[in-house]
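[1] Predicted model, plus sequence, below.
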Amino acid sequence: GENVEQHPSTLSVQEGDSAVIKCTYSDSASNYFPWYKQELGKGPQLIIDIRSNVGEKKDQRIAVTLNKTAKHFSLHITETQPEDSAVYFCAAIRDTGGFKTIFGAGTRLFVKA
Amino acid sequence: KAGVTQTPRYLIKTRGQQVTLSCSPISGHRSVSWYQQTPGQGLQFLFEYFSETQRNKGNFPGRFSGRQFSNSRSEMNVSTLELGDSALYLCASSFPDSNYGYTFGSGTRLTVV
């Protein structure tokens, strides 16, 4: 069946460094790719998303890139801060042939001060 | 506007009991999805409701069921609880006719003893 692989499962960076989380999806019909941040004791929150007709999107310190040919998308966080420490989930969604959302397994990001 | 509200926040139940969890979506959102989150397992899709009808279903046993009311509020029920059902249950709502941009609630943490 379809799946989304997310790497790494754990990432530790020094404050101020960049962090990159990568996801690969298998369903070629997926056309929407959101990223969620989950802090301790809270539900996941949407932080950025990208649609299949766009290759890159940026919002301040975070950016997402999409390579549809390789079925690969990545989250980039620059100038990391301790408050970026959380679990990040990617997802691949399609809205043709029935809505379907598949989440990656998550990446626990630690930003050391 | 108010976010997605899940009640209760915490529950402790005994094996064999049943439990009902509640989710009130954001006003105007008609799609409600439920996820189970366990350590190391990421977000596992349970089911999605739209306009009082189950639109999608994940690979969970029949002990897991749900429903949606005319005001879009949703409930999920787990019967004959097992220890392995201990998890954080998350509800997410989204804009009508779209699977885009989930907004998650804070979840209900269920512990089965």
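    Sure thing, it's come through.

[2] tell me which element A:Thr65 is part of?
    Per DSSP states H and E: A:Thr65 is located in strand A:62-67.

[3] and that strand, which residues are buried?
    Of all the residues in strand A:62-67, those buried under the rule 16 or more other CB atoms under 10 Å in any protein chain shown are A:62-66. (C-beta placed from N, C-alpha, C; glycine too.)

[4] ditto for stretch B:2-9
    For stretch B:2-9, burial by neighbour count (16+ other CB under 10 Å) applies to B:4, B:6.

[5] tell me what the strand holding A:Thr65 is packed against?
    Packed against strand A:62-67 by the contact rule (3 or more CB pairs under 8 Å, 6 or more residues apart in numbering or on different chains; DSSP states H and E) you find strand A:32-38, strand A:45-51, strand A:56-59, strand A:72-77.

[6] That strand pairs with which strands, parallel or anti?
    In the sheet containing strand A:62-67, its partner strands are strand A:56-59 (antiparallel), strand A:72-77 (antiparallel), by DSSP bridges.

[7] Could you export the ones you listed to JSON lines, including columns for mean neighbour count, distance to B:Glu52 and mean pLDDT?
    Formatted as JSON lines, the strands paired with strand A:62-67 follow (neighbours: other CB atoms under 10 Å in any protein chain shown; distance: least, CB to CB, whole Å; pLDDT from 0 to 100):
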{"stretch": "strand A:56-59", "mean neighbour count": "12", "distance to B:Glu52": "35", "mean pLDDT": "95"}
{"stretch": "strand A:72-77", "mean neighbour count": "21", "distance to B:Glu52": "34", "mean pLDDT": "98"}
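
[8] Which pLDDT does the model give residue 50?
    Went with chain A since none was named. For A:Ile50, the pLDDT comes out at 93.

[9] my bad, chain B
    The model's pLDDT for B:Phe50 equals 90.

[10] quick revisit: among the helices and strands packed on strand A:62-67, which is nearest B:Gln18?
    With CB to CB as the measure, strand A:32-38 is the member of those nearest B:Gln18 (27.8 Å).

[11] Could you give the number of residues near A:Asn53?
    8 (other CB atoms under 10 Å in any protein chain shown).

[12] Just the angle for the strand or helix carrying A:Val111 relative to strand A:32-38, thanks.
    Here A:Val111 sits within strand A:107-112, counting by DSSP H and E. Counting by axes from the mean of the first three to the mean of the last three CA atoms, to 10 degrees, strand A:107-112 lies at 50 degrees to strand A:32-38.

[13] Direction included, what does strand A:107-112 pair against?
    Here strand A:107-112 has these sheet partners by DSSP bridges: strand A:10-14 (parallel), strand A:86-94 (antiparallel).
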